[in-house]
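In: Structure of the sequence below:
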Amino acid sequence: MAAPAPVALLLLTAAAVAAVAPAAAELPRLEHHPHRGDDGSVSLLVVGDWGRHGAYNQSMVAAQMGVVGEKMDIDFVISTGDNFYKNGLTGVDDKAFEESFTDIYTAKSLHKPWYTVLGNHDYRGDALAQLSPVLRKVDSRWICIRSFVVSAEVSDFFFVDTTPFVLKYWTDPKNSKYDWRGVSPRETYIANVLEDLEEALKQSTATWKIVVGHHAIRSVSEHGDTQELLQHLLPILKAHGVDLYLNGHDHCLEHISSRDSPLQYLTSGGGSKAWRGVQTANADKVEFFYDGQGFMSLRLAAAPAPAEASLAFHDVAGNVLHTWALAKPAARY
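Out: As a prediction, the model looks like this:
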């Protein structure tokens, strides 16, 4: 499936900028036009923490994604990062790209754009390789930019590069070497990302505003809350009426509701290795937690009124484990 010319141009620009500067003045914006002409609804799947050459049930999760993707007639897939274990890619010619992505997600329904962010494991390898347009020549589905916006009519998706926010990746000698090309110095990069995100959120007139990052803001699994995101990112999301925050990092499925805003925290990091056996307390309301493999599906609609969002978490066998829906009155958007 060939990429439209504007997308390819944006990818080239983003890759070039990533190699030489901490951040662009404006987040790259991709236009995704839903293929439904009746109500403009958007359907998609969300998966994270998956790239293990099919092992740890990655292939089984992929098969069920194909089944659900066909039933929903999805528009695209979102990857929440940690795309290639254990240390990202070694370069654009690394066969792990095909062995963990192209050869695994083979269902026809999954041959749609994959909008992707980097995770901390991706930064342990050649991070620029995943950002390179060269990979789109290998598999045209692959769209990976550090931070960017996908405008899908009824909804705007804001992808945020969260790994540089986490201080321990920079300071803890026990961590592997991280590829900070185009990111260092950290403080400048973070400030630019936050400024660009806030400006993009201000400009958005979409019914639904959804932010995607690798690290959890709220989580009751092994890694727990990400303090740097609570401090720097969360106030911006609440100030600008973001509806959903999607992430991976913790290898589980979870849904947490904010107690002081409409924001919903949704972890979909069960793409392969899971079963950490952890559930901790949280300051917000835990709606659902599953310590296992799986993925999330999401449908967003604006017409006919009221606007509706509906999501489901699916396990490795395709069973629906948890559902949630929200109808947003017209006054809210």
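
In: Dump stretch 127-147 to CSV, restricted to CA.
Out: Extracted C-alpha coordinates of stretch 127-147, given in CSV (Å, rounded to 0.1, in the frame of the first residue of the first chain):
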residue,chain,number,x,y,z
ALA,A,127,16.6,5.2,17.1
LEU,A,128,17.1,7.1,13.8
ALA,A,129,16.6,3.8,11.9
GLN,A,130,13.0,3.5,13.0
LEU,A,131,12.4,7.2,12.0
SER,A,132,13.9,6.7,8.6
PRO,A,133,11.7,6.7,5.4
VAL,A,134,13.9,3.8,4.2
LEU,A,135,11.8,1.4,6.3
ARG,A,136,8.7,2.5,4.4
LYS,A,137,10.3,1.0,1.3
VAL,A,138,10.5,-2.3,3.1
ASP,A,139,6.9,-2.0,4.5
SER,A,140,4.8,0.9,3.4
ARG,A,141,2.6,0.6,6.6
TRP,A,142,5.4,1.9,8.8
ILE,A,143,4.9,5.6,9.9
CYS,A,144,7.2,6.5,12.9
ILE,A,145,8.0,10.1,13.9
ARG,A,146,9.2,11.2,17.3
SER,A,147,6.2,13.5,18.0
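
In: Quick one: mean pLDDT for it?
Out: Averaged across stretch 127-147, the pLDDT comes to 98.

In: Enumerate the positions of it that are buried.
Out: Across stretch 127-147, burial judged by 16 or more other C-beta atoms under 10 Å covers 127-133, 135-136, 139-147. (Each C-beta comes from the backbone N, C-alpha and C, glycine too.)

In: Quick one: distance of whichever strand or helix holds residue 169 to the chain centre.
Out: For residue 169, the host element (DSSP states H and E) is helix 168-171. Distance, stretch centre to chain centre, for helix 168-171: 22 Å (C-alpha atoms, centre = their mean, to the nearest Å).

In: How about residues contacting that helix?
Out: Under the criterion C-beta atoms under 8 Å, 6 or more residues apart in numbering, residues 120, 123, 163, 175, 178, 180, 186 lie in contact with helix 168-171.
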